[in-house]
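In: just a sequence and a predicted model for now, questions to come.
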Amino acid sequence: MEKILSIKNIEKYYGNKGNMVKAIDDISFDVFKGEFVGVMGPSGSGKTTLLNNISTIDEVSAGHIYINEKDLTEITPKEIAKFRRENLGFIFQDFNLLDTLTIHENIALALTINRTKKNEIDSRVADVARELGIEDILSKYPYEVSGGQKQRCACARALITNPKLILADEPTGALDSRSAQMLIEMISQLNKELEATILMVTHDSFTASYCDRILFINDGKIFTELVKGKNTRKQFFNQILDVVALLGGDVRNVR
């Protein structure tokens, strides 16, 4: 299998010698092409710091992060923005859409920045909008559509550049139960049909049950890993709940 993401013994410290906090403590794991991997853990466990390091928003204190065999710890500041645009897709809890741009323009933004030809942009936006069922709102602005539609727009924006890795930060966190279920089912479908590689941070056990495997982080370390394998989603959900209970239950367990 093709290895998309490889984390090698990364550590992240904050503060100084007299008052140092180790947010990430020697974490290593791999993510392969087409995998849907979840990251769970109590608040303050280090999962958001991990995502920030992988996304190049923050830098590790030690260790290495490879995406498509490129070592992110060796990328120069000038290269980071270009690398992020070409290799990473992002789905945020609060959508991060620009209200002054239409849904079409929000989805197309990364392609526009990369100076892709207009005909190609329009074609690719139409294709991804059709996949996500938002063709009829492309001319609307974010403030004119529902939360679920905004999040589908965010998914389309993440997919439009055919990124090597999609990073999702609590994608269902700002949605009601029905919209959240529709979105996670859609993300799961995209993962299977398009072989999109996804790493998702979530507090929600129901959302996590759609993943292929879950990494549980506690106190900056990997506490354990669950692999769905041949289990049903309901069986996997119950296994997730068991681990959550061991970690103190600091996640949402009921949908």
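Out: Now that the structure is in, tell me what you want to look at.
In: for stretch 39-58, buried residues please.
Out: 39-42, 45-56, 58 (16 or more other C-beta atoms under 10 Å). The C-beta positions use only the backbone N, C-alpha and C, and glycine is treated the same way.
In: apologies, that question was intended for stretch 216-224.
Out: Buried-residue list, stretch 216-224, by 16+ other C-beta under 10 Å: Phe216, Ile217, Asn218, Gly220, Ile222, Phe223.
In: farthest-apart pair in those residues, please.
Out: Based on C-beta to C-beta, the longest span within those runs between Phe216 and Gly220 and measures 12.3 Å.
In: ranges for the strands of the stretch 101-250 of the chain?
Out: 165-169, 198-201, 213-218, 221-227 (DSSP state E, counting those that start in this stretch).
In: now what about stretch 187-199, what contacts it?
Out: 4-5, 31-37, 39, 51, 54, 91, 131-132, 155, 159, 164-168, 171, 200, 210 (C-beta atoms under 8 Å, 6 or more residues apart in numbering).
In: partners of the residue lying closest to Phe223 once chain neighbours are set aside in the sheet?
Out: Once flanking residues are discounted, Phe223 sits nearest to Phe216: 4.4 Å by C-beta to C-beta, 6 or more residues apart in numbering. Applying DSSP bridges to Phe216 gives these bridge partners: Met40, Thr224.
In: let me see the contact set for Phe216.
Out: Per C-beta under 8 Å, 6+ apart, neighbours of Phe216: Met40, Gly41, Ile222, Phe223, Thr224, Glu225, Leu226, Val243, Leu247.
In: and with 7 Å instead?
Out: By C-beta atoms under 7 Å, 6 or more residues apart in numbering, the residues touching Phe216 are Met40, Gly41, Phe223, Thr224, Val243, Leu247.
In: state the distance from it to Ser43.
Out: From Phe216 across to Ser43, the span is 14 Å (C-beta to C-beta, to the nearest Å).
In: cool, and Lys33?
Out: Relative to Ser43, and taking C-beta to C-beta, Lys33 is found at 31 Å.
In: where does pLDDT dip in the stretch 101-250 of the chain?
Out: Applying pLDDT under 70 to the stretch 101-250 of the chain flags residues 249-250.
In: residue boundaries of the helices in it?
Out: 103-113, 118-132, 147-159, 177-194, 205-208, 233-246 (DSSP state H, counting those that start in this stretch).
In: quick check, Ile24 in a helix?
Out: No: read with DSSP: H, G, I helix; E, B strand; the rest coil, Ile24 is strand and lies in no helix.
In: so it touches Lys12, yeah?
Out: Yes: contact status for Ile24 versus Lys12: in contact at 4.0 Å, counting by C-beta atoms under 7 Å.
In: of the two, who's got more company?
Out: Ile24 (25 against 22; other C-beta atoms under 10 Å).
In: just say helix, strand or coil for Asp94.
Out: coil.
In: just checking, it touches Ala174?
Out: Yes: using C-beta under 7 Å, Asp94 is in contact with Ala174, at 5.9 Å.
In: between these two, point out the one with more neighbours.
Out: Ala174 (15 against 12).
In: okay, the helix or strand where Lys8 lies in PDB with CA atoms only?
Out: Under the criterion of DSSP states H and E, Lys8 resides in strand 3-16. Below are the C-alpha coordinates for strand 3-16, written out as PDB (Å, rounded to 0.1, in the frame of the first residue of the first chain):
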ATOM      1  CA  LYS A   3       2.100   5.400   2.400                       C
ATOM      2  CA  ILE A   4       0.600   9.000   2.300                       C
ATOM      3  CA  LEU A   5       1.500  10.200   5.800                       C
ATOM      4  CA  SER A   6       4.300   9.000   8.100                       C
ATOM      5  CA  ILE A   7       4.800  10.400  11.600                       C
ATOM      6  CA  LYS A   8       8.200   9.500  13.100                       C
ATOM      7  CA  ASN A   9       8.800  10.100  16.800                       C
ATOM      8  CA  ILE A  10       7.500  13.600  16.900                       C
ATOM      9  CA  GLU A  11       7.500  15.800  20.000                       C
ATOM     10  CA  LYS A  12       6.100  19.200  20.700                       C
ATOM     11  CA  TYR A  13       7.000  21.400  23.700                       C
ATOM     12  CA  TYR A  14       5.600  24.700  24.800                       C
ATOM     13  CA  GLY A  15       7.100  27.100  27.400                       C
ATOM     14  CA  ASN A  16      10.700  27.200  28.700                       C
END
